[in-house]
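Engineer: Have a look at this prediction, sequence included:
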Amino acid sequence: MKILELTFNQLAETLATQYGKGEYHAKIICREVLKNGNIALNNIPEIDRTSPWFKSLKKNLCYSFGTVKAEKEESGTRKFVTELTDGLEIESVIIPMHNYKTLCISSQAGCRMGCTFCETGNLGLHRNLTVEEIVGQIFNARFHFGENIRNIVFMGMGEPFDNFDNVIQAIRVITDQRGPDIAPRHITISTVGRIDGLQKMAELNWPLIHLAISLNAPNDKIRSRIMPINNSVPMIKLRETLLNYPLAVGTTFFVEYVLIRGINDARAHAAELADYLRPLPVKVNLIPYNPGTCAEFEAPSEDEIIRFRGWLVDEHVFVRMRSAKGQNVMAACGQLGNGSFKME
Ligand code: SF4
């Protein structure tokens, strides 16, 4: 039994069918495993550990979400590597906020989207992560590192909609109040704009889950150059899909725009971007390009970022500048998956 893959109701059902137990025991097990990190189910006062059903349950427990293999920290931003049971490695980042932490998690080992500004894109796709491996990153952040994780962003390795079913089940598990209890409004899924994924999300009708669209370009010519997905989903089609998306009243899409010197940072690009976004409720996150280990592009200077932001403000676009937290440990946007874990 893989407890990290189950919601409370699914666990209760499993306990009922396999052991003749019900919600009472499911509550205890959820509390111990998902809230206290007691994966071995040791020392639970309410349960007689010598009873045959409990012995059998313990025998059937199976955890395969990987082990933390390395970590690196800079100014409170901590990147950690999890070694999966088949030897593949994934990366996650704990980012300090005001009085809690955000966890940036991976949904795939590698990625097949091939965005040219992204380290993970250079790896190609190895495989999708299981539900347990996705939830396990939160488990490790909380219980291996003891962090108060309240926000989850699917912005690590992989395109979440490329692993749709497992990502959705993981969200069901982590938002369960009797389990990890992350509020849906504290979850953001970042996507390059896979239309099928957006449509399936629309059908699920989870209006509180935030969507971040990794746009990064003002027009098709530039976007196709840096994001191959644009060859099959041009920007007009992406916008049409977003216009039909059932956003909760008063909420917006986040639009991520990685600013790359000489590629997408001109005055005309700001105007073109503003025109494209005008019909959509959006907040733009302006992110400086982070040169990776095999950097093809140049990072903008701080002045260039401020200048581009000013142009967007002039165009009445709501824009926030995102600092490249963790840049020196290769934990900033688009820098995961570079094997930079040689600890000094
Ligand atoms: S930016 Fe995201 S979708 Fe693009 S290659 Fe990197 S991980 Fe994949």
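Structural biologist: All right, it came through fine.
Engineer: Tell me the helix or strand right after the helix or strand of the chain with the lowest mean pLDDT.
Structural biologist: Lowest by mean pLDDT, DSSP states H and E among the helices and strands of the chain is helix 119-123, with a mean of 86. Moving toward the C-terminus from helix 119-123, the next helix or strand (DSSP states H and E) is strand 125-128.
Engineer: in whichever helix or strand comes after that next one, what counts as buried?
Structural biologist: Counting by DSSP H and E, the element after strand 125-128 in chain order, helix or strand, is helix 131-139. Across helix 131-139, burial judged by 16 or more other CB atoms under 10 Å covers Val131, Glu132, Glu133, Ile134, Val135, Gly136, Gln137, Ile138, Phe139. (Glycine included, C-beta is placed from N, CA and C.)
Engineer: send the alpha carbons of the least confident helix or strand of the chain over as CSV?
Structural biologist: Presented in CSV, the C-alpha positions along helix 119-123 are these (Å, rounded to 0.1, in the frame of the first residue of the first chain):
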residue,chain,number,x,y,z
GLU,A,119,18.4,23.6,-18.1
THR,A,120,15.8,20.8,-17.7
GLY,A,121,14.9,21.1,-21.4
ASN,A,122,18.5,20.1,-22.3
LEU,A,123,18.0,16.8,-20.4
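Engineer: What residues sit buried inside the helix or strand Glu13 falls within?
Structural biologist: Per DSSP H and E: Glu13 is located in helix 8-19. Neighbour-count burial for helix 8-19 flags Phe8, Gln10, Leu11, Ala12, Thr14, Leu15, Tyr19 (criterion: 16+ other CB under 10 Å).
Engineer: and the ligand, which of the buried residues of helix 131-139 contact it?
Structural biologist: Checking these against the ligand by CB under 6 Å from any ligand atom, not one of them is in range.
Engineer: Closest one of those to Gln169?
Structural biologist: Set against Gln169, the nearest of these by CB to CB is Val131 (4.7 Å).
Engineer: And the pLDDT at the closest one?
Structural biologist: On the pLDDT scale, Val131 is placed at 98.
Engineer: doesn't Gln10 make contact with it?
Structural biologist: No: in this structure Val131 lies outside contact range of Gln10 using CB atoms under 8 Å: 10.9 Å.
Engineer: Nearest to the ligand among the buried residues of helix 8-19?
Structural biologist: Gln10 (29.4 Å; CB to the nearest ligand atom).
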